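Q: pasting the sequence and the predicted coordinates here, then a few questions.
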There are 2 protein chains.
Amino acid sequence: MSDKFTLAEKDTVRVTEDALRNMVVPIFEKMGVPREDCKLAADVLITADLRGVQTHGVSNILRVYVSMYRAGQINPRPRWTILRESPAVATIDSDGGLGIIIAPKAMEIAIEKARNVGLGMVTISNSRHLSMASYHAMLPLKYDMIGMCMSSTSRKAQMIPTFGAEPRLGTNPISVAAPADKEAPFVFDGATTVVAANKLNIARRMGVKLPPGWVADANGTPIMEETDPPPPDVERLLPLGSTSEMGSHKGYGLAGVVDILGGILTGGPFGITAVPQHCSHCVAAYNIESFMDTNEFKRTMDEWLRMLKSTKPGLGHTRVLYPGLAEAECEIEYKAKGIPLHKEVVTWFHDICNELHIPCYV
Amino acid sequence: MSDKFTLAEKDTVRVTEDALRNMVVPIFEKMGVPREDCKLAADVLITADLRGVQTHGVSNILRVYVSMYRAGQINPRPRWTILRESPAVATIDSDGGLGIIIAPKAMEIAIEKARNVGLGMVTISNSRHLSMASYHAMLPLKYDMIGMCMSSTSRKAQMIPTFGAEPRLGTNPISVAAPADKEAPFVFDGATTVVAANKLNIARRMGVKLPPGWVADANGTPIMEETDPPPPDVERLLPLGSTSEMGSHKGYGLAGVVDILGGILTGGPFGITAVPQHCSHCVAAYNIESFMDTNEFKRTMDEWLRMLKSTKPGLGHTRVLYPGLAEAECEIEYKAKGIPLHKEVVTWFHDICNELHIPCYV
């Protein structure tokens, strides 16, 4: 990602993980969420910040959740139910609960099924945003399982189909995480649009132009030079691939896969047919030992990841990464030195803590 | 895809599906493949041609398989075995058999598991090329199931990782197919590189330049203008996304997912660690009825597919497609009018039929 989207040190304040938890948990409690769920919600958001995924952490998303709870768009105490179940799969109606809280519970069910029959997959309807998809995909890692998470985020259509002039699909992210032995785990996490929608919010806040290939104009034509961010709510994000000749039908097709497995297959409303804040999801766990010897798998993962990071770097680059490596390094640094928050985010914490009568630690 | 890659009518001869089967089945028999397997192999290749996927049909791939059988690189009569099995998953060693023959058999196992426990997934090691991945992903459709197929095709590394200067991964395709009611099924099928490697062969044969964003130069820098196809065996394909700013780390990451689920998780050799012609695979079937009412799923699919194809077209375009729609239309046309083969392919059939002493029908 372009360096110009990185926060400048002078605009930030470093905050410890604990200080953040001590504010985020009470904020969720004030929204009427049960204590244990608050801890889980805080863990999802702060993990995103620790891994440098500021688009999906407290900086950008928490304030959105707070307004949604206040507007009655999220159920703080959902009575989620399993609608249908068999040994390898289940379908959950999450009763309007927030995705960051329901997805880990669905993943627990998937993990238990994978333990029993080799693989478990759970689809979730009537939910809301699940933040960083890889939080959920990483949950099976500690049980030596591979994890997968998809979210049909089409609460407001944002992706322009290839050859189209109007948005029809969400940013529909896919995440897959797999454990290694000594190396940091492989953690892929990406929207099927060129960029996640929040990247545009960040560009607006920082006053920078968008690179070529991110958005389309009003005619649906991909803008292939630098351009100003469009106004909020006029988002015409391009599918991964940007143009038809460079394979945008593949980004569009992958977004379709997410709308099917993480949307239609939930049996509930989905995509742009749903209420504006609606999201639906799909999580899965794959038990490695059911396929092969787990230790052999992890050793092979190590070799493969080392091969990838030892790739000869291209001109102008110093090293080659693999998915999840930069995030793992970031987590080590931020746990030691604190998480950098933009000053504007710090001000938001001051205001919201004051308003909700809870102690502020930034 | 660019129109310049479409065969001109004057360079082609139309051949019926039956005429092709009557040549392709005996060609496989002459390679020592059992009769039933020959029919299956012919069906995979001819289905690719019928759906307009000439990169993966008789035109481009059959001659490769013939040379591989002759060089002893494919086992015509493999004794494939199930190495490990549980109710939802299995691992197969295919004993050097061709992927187009072993993948449908593995998918049968996955379908049976999905019928029993909701979902079935089978990984396959020690295999060879599986042609059009969507052939296999479409097999569960007739049982009202969703199908998935991935292939770790890294028999010769072709994809340059983001920020890298040398290839490390294969083109690693992903396919997902889902049934609808009245509409043609959703069938996504795409390499995780910008284009499949065979597209470069076609460009060479047709003497046309490559569009921007397909390949990198020797320094690993993406070539973002039109360029001549590189010589064979000097392929530096870019991951879907083309440049780092346009998300090439996502195409790279998705290729990694395929190397894990369809490679490392097979327990066998995989990727560039394997013998040159090696491929490994993963197939899965998802039983819709285990998640929700099948009829409701198919009706919703119809509505969703109609929404996609009714998207207002962008400037310069007449309509919006969904994955699998153009291929389904092509299949209807080619079944009625015959499959167009390039004259050079017809000459190849004359030569090979003559050489193998089998009747030629083109």
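A: Perfect, I can see it now.
Q: what residues does the stretch 51-200 of chain A have near chain B?
A: Residues of the stretch 51-200 of chain A found near chain B (C-beta under 8 Å from any C-beta of the partner chain) are A:83-84, A:86-89, A:91, A:113-114, A:116-121, A:123, A:146, A:160-166, A:168, A:174, A:176, A:178, A:186, A:188-190, A:194-195. For every residue, glycine as well, the C-beta is placed using N, CA and C.
Q: and the residues you listed, which are buried?
A: A:83-84, A:86-89, A:91, A:113-114, A:116-121, A:123, A:146, A:160-166, A:168, A:174, A:176, A:178, A:186, A:188-190, A:194-195 (16 or more other C-beta atoms under 10 Å in any protein chain shown).
Q: quick one, strands of the stretch 251-362 of chain A?
A: Counting by DSSP state E, counting those that start in this stretch, the stretch 251-362 of chain A has strands at residues A:279-287, A:339-342.
Q: chain B is nearest to which of these?
A: strand A:279-287 (7.4 Å; C-beta to the nearest C-beta).
Q: tell me the pLDDT of residue A:202.
A: Looking at residue A:202, its pLDDT stands at 80.
Q: that one and residue A:56 touch, don't they?
A: No. Between residue A:202 and residue A:56 there is no contact under C-beta atoms under 8 Å: 11.4 Å.
Q: out of the two, name the residue with the larger neighbour count.
A: Using other C-beta atoms under 10 Å in any protein chain shown as the criterion, residue A:202 and residue A:56 rank with residue A:56 on top: 26 against 19.
Q: who are the neighbours in contact with that one?
A: By C-beta atoms under 8 Å, 6 or more residues apart in numbering or on different chains, the contact set of residue A:56 is A:45, A:48, A:131, A:132, A:196, A:198.
Q: switch to 6 Å and redo it
A: If a contact means C-beta atoms under 6 Å, 6 or more residues apart in numbering or on different chains, then residue A:56 has A:48, A:131, A:132 as its contacts.
Q: residue boundaries of the helices in the stretch 101-250 of chain A?
A: For the stretch 101-250 of chain A, the helices defined by DSSP state H, counting those that start in this stretch cover A:133-138, A:198-206, A:248-261.
Q: where among those is the average confidence lowest?
A: Minimum mean pLDDT among those: helix A:198-206, a mean of 83.
Q: please state the offset of it from the chain centre?
A: 16 Å (C-alpha atoms, centre = their mean, to the nearest Å).
Q: run a quick neighbour tally on whatever residue of the stretch 251-362 of chain A ends up closest to chain B.
A: Nearest residue of the stretch 251-362 of chain A to chain B: residue A:314, at 2.7 Å (C-beta to the nearest C-beta). Number of residues near residue A:314 (other C-beta under 10 Å) recorded here: 23.
Q: can you pull the pLDDT of the residue lying closest to it once chain neighbours are set aside?
A: Excluding the flanking residues, the one nearest residue A:314 by C-beta to C-beta, 6 or more residues apart in numbering or on different chains is residue B:220, at 2.7 Å. You'll see residue B:220 listed with a pLDDT of 96.
Q: pretty sure residue B:220 contacts residue B:164?
A: Yes. Residue B:220 is within contact range of residue B:164, at 5.5 Å (criterion: C-beta atoms under 6 Å).
Q: dump the C-alpha coordinates for stretch A:340-360 into PDB.
A: Extracted C-alpha coordinates of stretch A:340-360, given in PDB (Å, rounded to 0.1, in the frame of the first residue of the first chain):
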ATOM      1  CA  PRO A 340      -0.300   5.000  17.300                       C
ATOM      2  CA  LEU A 341      -3.600   6.800  17.100                       C
ATOM      3  CA  HIS A 342      -4.300   9.900  15.000                       C
ATOM      4  CA  LYS A 343      -4.800  13.000  17.200                       C
ATOM      5  CA  GLU A 344      -8.300  13.300  15.800                       C
ATOM      6  CA  VAL A 345      -9.100   9.800  17.100                       C
ATOM      7  CA  VAL A 346      -7.700  10.800  20.500                       C
ATOM      8  CA  THR A 347     -10.100  13.800  20.600                       C
ATOM      9  CA  TRP A 348     -12.900  11.400  19.700                       C
ATOM     10  CA  PHE A 349     -12.000   9.200  22.700                       C
ATOM     11  CA  HIS A 350     -12.000  12.300  25.000                       C
ATOM     12  CA  ASP A 351     -15.400  13.300  23.800                       C
ATOM     13  CA  ILE A 352     -17.100   9.900  23.900                       C
ATOM     14  CA  CYS A 353     -15.600   9.000  27.400                       C
ATOM     15  CA  ASN A 354     -16.800  12.300  28.700                       C
ATOM     16  CA  GLU A 355     -20.200  11.900  27.200                       C
ATOM     17  CA  LEU A 356     -20.600   8.300  28.500                       C
ATOM     18  CA  HIS A 357     -19.100   9.200  31.900                       C
ATOM     19  CA  ILE A 358     -16.300   6.600  31.700                       C
ATOM     20  CA  PRO A 359     -12.600   7.200  32.500                       C
ATOM     21  CA  CYS A 360     -10.400   8.200  29.600                       C
END
